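[1] Here's a sequence, model it:
(chains A, B, C and D)
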Number of protein chains: 2
Amino acid sequence: MSLDLRVDRSSPVPLYFQLAQQLEAAIEHGVLTPGSLLGNEIELAARLGLSRPTVRQAIQSLVDKGLLVRRRGVGTQVVHSQVKRPLELSSLYDDLEAAGQRPATRVLVNTVVAASPEVAVALGVPEGSDVHRVERLRLAHGEPMAYLCNFLPPGLLDLNTDQLEATGLYRMMRAAGITLHSARQSIGARAATADEAERLGEPEGAPLLTMQRTTFDDTGRPVEYGTHTYRPSRYSFEFQLLVRS
Amino acid sequence: MSLDLRVDRSSPVPLYFQLAQQLEAAIEHGVLTPGSLLGNEIELAARLGLSRPTVRQAIQSLVDKGLLVRRRGVGTQVVHSQVKRPLELSSLYDDLEAAGQRPATRVLVNTVVAASPEVAVALGVPEGSDVHRVERLRLAHGEPMAYLCNFLPPGLLDLNTDQLEATGLYRMMRAAGITLHSARQSIGARAATADEAERLGEPEGAPLLTMQRTTFDDTGRPVEYGTHTYRPSRYSFEFQLLVRS
DNA sequence: GTAGTCCGATTGTCCGGACATACGCATTGA
DNA sequence: TCAATGCGTATGTCCGGACAATCGGACTAC
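    A predicted model of the protein is given here:
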């Protein structure tokens, strides 16, 4: 069966984007089988009544996602593998919700403190200046899963405790008009201290998975610094990487 | 000082790539300061004797790298933050070498075994069929740092022990004409077993950082499955993420 | 004084075409 | 039989232009 592709020129959605979505859906649903050729760009453009640059833009976006591979002189193939999603700046809350875990959050601390040297460097604020401090316990199925400690620069966000318990921090930021751009992460492990052990319901000295992250908006301004600890029996970091060529 | 940009039309290097490299170098060296506007595309194209699409292609590649941000109606700005490099499919060997650690490898096992169910699934081969098994100890400054256990499908690579000790597995793959495309990773933590503890010179029960990875080439074929354990006091995963918009 | 409107600037999208380059295959030659 | 050559095909690069959408500031009207 041949692919039935159409574009709606009256739609405000860009044509290349419409095409990319349809191709992605076709791959997702197995209409375009792995390894199959996509047909050459010229002919595809003619069939859709589009120009070749537009078709190329659509294809390129899927190549960037790792769904397609181009080979000069050969054609464009559907990569046949279990590509699910490349690594993205993910929110634990969204991750859990997507996994159907119905996450719950308990806000332990929501206050303003003086920035420690470490926090001051991460957020680019003077040492000792005011920063928000939020400590949360994230639960899934009633079991503690992670302990999240975040610092935010002042005046960026209205840190309403109820909202923090109802949704994730990243969602609140996006809703406040902050466009997240990049993050620097560090993932490690260490033995739990007595405090950490108690908070997470683990024995003292148990291995913990740790993550530190500083998030930047599109102006390069730090908008969040966090130190998280996870129970390794309940959580691990899973992601897909693409080789940038 | 204004930027002096030039392109060499006689070079086989694509024009957009030449421009992108020069812009990246200018940002790297601080000639283009963070937050500064890049000047509009039309004028830039005219100044260089290039067409606008070519200039846009160069700029876009830097936007994809997270170095620039475009704002419609405003212009293109240099993102002012400590963007170093986005996460890439990295080799521990290369990481260590880049950090000036002079990595050493000791090959403990290099043999052919029957695929266990777990390995068979990961590599997409029949259970019990032949696969290569390589166990290595990675050292830095003479201290054990990680224990690497890898499985490879048969006939893919000549697994010479001397080469394995002199370089990294990924380098050998690339040299063999395999184009790495993507990988699925999982990072977690757990307590060291007696065997693991002895191998890495840690006490039994010490927290270990673990990573499992399946790597695929551009046809989607699995080319490597590995289970690695790291000493968390010596190693952590550090990387930069970009929000794909 | 404040809010709404207009307008210039800049990027976003799209077109149609041209030539270059690399891959795979069939043909040719030793 | 096997290696070198040539050709078709497909993507890679590049051009020059056109119009749309959006942002920010200036201007205007209330």
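
[2] do stretch A:26-43 and chain B meet at all?
    Yes - using CB under 8 Å from any CB of the partner chain, stretch A:26-43 reaches chain B at A:34-35. Using the backbone N, CA and C atoms, a C-beta is placed for each residue, glycine as well.

[3] Start and end of that stretch, how far apart?
    Taking CA to CA, to the nearest Å, stretch A:26-43 runs 18 Å from one end to the other.

[4] ok, and does it reach over to DNA strand D?
    Yes - residues of stretch A:26-43 contacting DNA strand D under CB under 7 Å from any atom of the strand: A:38-42.

[5] And the buried ones among these, selectable in PyMOL?
    A single PyMOL command is used to select the members of the residues of stretch A:26-43 next to DNA strand D judged buried by 16 or more other CB atoms under 10 Å in any protein chain shown:
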select buried, chain A and resi 38+41
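
[6] tell me which parts of chain A are close to DNA strand D?
    So chain A meets DNA strand D at A:12, A:38-42, A:52-53, A:56, A:70-76 (CB under 7 Å from any atom of the strand).

[7] so which of those residues would you say is closest to A:L209?
    Of all those, A:R70 has the smallest distance to A:L209: 37.8 Å, by CB to CB.

[8] what's the domain layout of chain A?
    Domains of chain A are assigned by automatic domain parsing as A:15-78, A:83-238.

[9] Among the residues of chain A next to DNA strand D, which lie within strands?
    Those of the residues of chain A next to DNA strand D mapping onto strands are A:70-71, A:75-76, per DSSP state E.

[10] would you turn those residues into TSV with neighbour count and distance to DNA strand C?
    Shown next, in TSV, are these (neighbours: other CB atoms under 10 Å in any protein chain shown; distance: CB to the nearest atom of the strand, whole Å):
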residue	neighbour count	distance to DNA strand C
A:R70	16	10
A:R71	10	6
A:G75	14	9
A:T76	21	13
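
[11] what does the helix or strand of chain A with the lowest mean pLDDT contact?
    Taking mean pLDDT, DSSP states H and E as the measure, helix A:92-98 is the helix or strand of chain A with the lowest mean score, a mean of 71. For helix A:92-98, contacts defined as CB atoms under 8 Å, 6 or more residues apart in numbering or on different chains pick out A:102-103, A:105, A:138, A:140, A:145-146, A:148, A:167-171, A:228.

[12] Can I get the first helix or strand past that helix going along the chain in PDB, CA atoms only?
    Sequence order places strand A:103-114 as the next helix or strand after helix A:92-98, per DSSP states H and E. Taking C-alpha atoms only, strand A:103-114 is exported to PDB below (Å, rounded to 0.1, in the frame of the first residue of the first chain):
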ATOM      1  CA  PRO A 103       3.000  10.900  41.000                       C
ATOM      2  CA  ALA A 104       2.400  12.700  44.200                       C
ATOM      3  CA  THR A 105       4.500  15.400  45.700                       C
ATOM      4  CA  ARG A 106       4.900  16.400  49.300                       C
ATOM      5  CA  VAL A 107       6.400  19.900  49.800                       C
ATOM      6  CA  LEU A 108       8.700  19.700  52.800                       C
ATOM      7  CA  VAL A 109      10.200  23.200  52.700                       C
ATOM      8  CA  ASN A 110       9.200  26.300  50.700                       C
ATOM      9  CA  THR A 111      11.100  29.300  51.900                       C
ATOM     10  CA  VAL A 112      13.700  32.000  51.100                       C
ATOM     11  CA  VAL A 113      17.200  31.500  52.300                       C
ATOM     12  CA  ALA A 114      20.600  33.100  51.900                       C
END
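
[13] Against DNA strand D, how distant is the residue lying closest to A:L32 once chain neighbours are set aside?
    Spatial nearest neighbour of A:L32, excluding adjacent residues (CB to CB, 6 or more residues apart in numbering or on different chains): A:A26 at 4.5 Å. Distance from A:A26 to DNA strand D, counting by CB to the nearest atom of the strand, to the nearest Å: 16 Å.

[14] With A:T54 instead?
    Using CB to the nearest atom of the strand, A:T54 is found at 11 Å from DNA strand D.

[15] my read: that residue touches A:L15, true?
    Yes - here A:T54 reaches A:L15: they are 5.5 Å apart, a contact under CB atoms under 8 Å.

[16] where along chain A do the helices fall?
    A:15-28, A:41-48, A:52-65, A:92-98, A:117-123, A:161-166, A:169-175, A:194-200 (DSSP state H).
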